[in-house]
Structures are given as structure tokens and as C-alpha cells.
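Engineer: I would like the atomic coordinates for the input below:
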Amino acid sequence: MDDDAPQTPLTPVEQFGVHVREMRMARKMGVRGLGSAVGCSGAYVSKVENAKLVPSEKFAEGCDRVFGTGTLLARQRQQAIEGDHPAWFEPYTQRERKAHQILDYSTMFVPGLFQTPEYARSLYRASAPRLATAAIESRLSARMRRHEVLERDNPPEVWAILYEACVRTLVGSHRVMAQQLERLAHEADAPNVTVQFIPFTVVPAMGTAFTLLTFGRGPTVLHVEGPQGGRPLETPKAVNTGLAIFDRLRAEALGHDASVARIQEIHKEYAQ
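Structural biologist: I've put the predicted structure just below:
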């Protein structure tokens, strides 16, 4: 590895895991020992340290007690939750940056990777009307940074299937939607991006949004949206089910060119 290559800044959840590992090792404790001391398994500790799991409040407070750090880790955890991304989304964004292939099925909104700032800002204001403007702008900045994964020299293959509601749901205003659909059609021109459109006349094989991330090494991960945020599923049964449903959705959807043409037609409606 080139020592002069720029390093990706650690996310708040990654920073928390690093601090826990450093404190644990400084005290010559194993993951099982720390887990026993705070009331969890060694596997849980390992997942927190490797940012594969968002730490619970109980875990952070337990670590503060064991390490004698007052409320340091509890406050750091809270900052991670209130940071640029919701804490439950941090593990997903970390995996997204490493994925070789992103298979996304969206049912209501344009995928985050393709969102314009105005569209994303309108979504945040609608979903969290009491969120302070500064917090919205911070999260907006983080969402826009996700696009960097598509700007690198060897970007992942992205296959996005959009149910018609994604482009029919009026987010912000007609102007915002026109800009968003123009951006979506532009993104679809990239050689590594495939977009498919499922019209309202088709009952899709799945009504819930989900994403599959595949890697050069390591198992495929299924990320499913829910009322409490998203969650990753890595069991072979869950992943294989997700892959089978995605294949069915691909068969039900219009082809790439026809899908882009339909999106451009709807863009004209908003632009009028």
C-alpha cells in the first residue's frame, strides 16, 4: 500500500471502536474479558471494535465504568448517533465504500447515491421536521459524500431498480423533482450503472426497499429498510432470498434504455 495515499477519515462509529480497542488492550483485556465485565459476549465487543455494530447505551456506559473514563465513551456514542449519518446507517456506508457491486431496489424515493442536494434536503425536512437546520445540513453533506464511491477510478457496478412511486412522489417541488430526474438520467449514462423502472401497472415481487452489497472477498450482505432504520442480514438463507427476489424484480422491470426513456418523459412533466 502506498503510504502517501490519502486515508479515508474514520466515521464516528469507527472512532468509537478504535478507542474501545485501545483502552481494552492498554489494560491487557481480551474481548471476552471486556464482554463479561460489561454484560455482553466477546463477539459483540469484536463487532463494535470493527464498526460492524453500533454500540448500545448499556455497552458504552459499561466500558466507561470498566475503564474509569467517566462518561467519555457514553458521550462519544451519543455524538455518533447524532452525527452526519444516523448511527444505524454507519455500518452500511462503510460496506458501501468497499462493495464491488451495489444492487438496490427502491420503492418510494430515488436512491441516496443519486440524490441531488435539494431533493435530499427536502426528504430530511419532511422526515425530521424538528431537526435543526445545522443538523440537516450536516447529514446532507454526509449523504452527498456517498457519491464519491462512484467517482473513483474503479467504481462499483450499480444496478438500481426503481418502482414508479420513486419518481412520482413529489419531493420538495416540481423544480426539485425536475432537477432530480435530470440527475438520475445523467447517472444512468455511466457504464457501470444500470437503471430499471417498474411501472405502476406491474405488481412488484417485493414491496419493501432493500440493497444487496457484494464484495471481491467476503459474503454478500442484504440491507433491509424498516421503521427503526435499516439492518444488515448476512445469513445465507436471507441473502439468497434477497438475490432471488432481485432477479425476479429485474425480470419484471423495463430494460435500461426503456427505463431511462420513461424517466425522461416524467422529467418533462415536472419541467413544464
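
Engineer: How is the residue lying closest to residue 193 once chain neighbours are set aside assigned, secondary-structure-wise?
Structural biologist: Spatially, and ignoring its direct neighbours in sequence, residue 193 is nearest to residue 158 (4.8 Å; CB to CB, 6 or more residues apart in numbering). Every C-beta, even on glycine, is put in place using the N, C-alpha and C of the backbone. Assigned by DSSP: H, G, I helix; E, B strand; the rest coil, the conformation of residue 158 is strand.

Engineer: Tell me how many other residues crowd residue 258.
Structural biologist: Residue crowding around residue 258 was assessed by other CB atoms under 10 Å; the count is 12.

Engineer: And it, how close does it get to residue 69?
Structural biologist: Counting by CB to CB, to the nearest Å, the gap from residue 258 to residue 69 is 58 Å.

Engineer: Next: residue 28.
Structural biologist: For residue 28, the distance to residue 69 - CB to CB - is 17 Å.

Engineer: what is the rounded mean pLDDT of whichever strand or helix holds residue 194?
Structural biologist: Assigned by DSSP states H and E, residue 194 belongs to strand 193-198. Averaged across strand 193-198, the pLDDT comes to 97.

Engineer: Can you list the strands that it pairs with?
Structural biologist: According to DSSP bridges, strand 193-198 forms sheet pairs with strand 157-163 (parallel).

Engineer: picking that back up, higher neighbour count, residue 28 and residue 69?
Structural biologist: residue 69 (16 against 7).

Engineer: contacting residues for residue 140?
Structural biologist: 117, 120-121, 124 (CB atoms under 8 Å, 6 or more residues apart in numbering).

Engineer: Wasn't it part of a helix?
Structural biologist: Yes: with three-state DSSP as the criterion, residue 140 is assigned to a helix.

Engineer: ok, now which ones touch the nearest residue to residue 196 once chain neighbours are set aside?
Structural biologist: Counting by CB to CB, 6+ apart, the nearest residue to residue 196 once its immediate chain neighbours are dropped is residue 253, at 3.7 Å. Going by CB under 8 Å, 6+ apart, residue 253 touches 161, 196-198, 202, 259.

Engineer: Show me which of those residues are buried.
Structural biologist: 161, 196-198, 259 (16 or more other CB atoms under 10 Å).

Engineer: Generate a markdown table for those residues, with distance to residue 234 as supplementary columns.
Structural biologist: Output for the buried ones among the contacts of residue 253, formatted as a markdown table (distance: CB to CB, whole Å):
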| residue | distance to residue 234 |
| --- | --- |
| 161 | 22 |
| 196 | 26 |
| 197 | 29 |
| 198 | 27 |
| 259 | 30 |
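
Engineer: Please identify which of those residues is nearest to residue 237.
Structural biologist: Distance ranking of the buried ones among the contacts of residue 253 against residue 237, using CB to CB, places residue 161 first at 21.9 Å.

Engineer: thought the closest one was touching residue 246?
Structural biologist: Yes: counting by CB atoms under 8 Å, residue 161 does reach residue 246; the two are 7.4 Å apart.

Engineer: what residue ranges in the stretch 151-272 of the chain score low on pLDDT?
Structural biologist: 226-231 (pLDDT under 70).

Engineer: where do the helices sit along it?
Structural biologist: 165-168, 174-187, 236-252, 256-271 (DSSP state H, counting those that start in this stretch).

Engineer: Off-centre distance for the third one?
Structural biologist: Here helix 236-252 shows a centroid-to-chain-centroid distance of 19 Å under the convention CA atoms, centre = their mean, to the nearest Å.

Engineer: ok, now the shortest one?
Structural biologist: Per CA atoms, centre = their mean, the displacement of helix 165-168 from the mean C-alpha position of its chain is 20 Å.

Engineer: buried stuff in it?
Structural biologist: Under the neighbour-count criterion of 16+ other CB under 10 Å, helix 165-168 has 166-167 buried.

Engineer: helices and strands around that helix, which ones?
Structural biologist: If you count contacts as 3 or more CB pairs under 8 Å, 6 or more residues apart in numbering; DSSP states H and E, helix 165-168 packs onto helix 174-187, helix 256-271.

Engineer: Show residues contacting it.
Structural biologist: 106-110, 177, 181, 184, 197, 200, 263, 266.

Engineer: what do you get if the cut-off is 10 Å, keeping everything else the same?
Structural biologist: Helix 165-168 has contacts (CB atoms under 10 Å, 6 or more residues apart in numbering) with 106-111, 160, 177, 180-181, 184, 197-198, 200, 209, 262-263, 265-267, 269-270.
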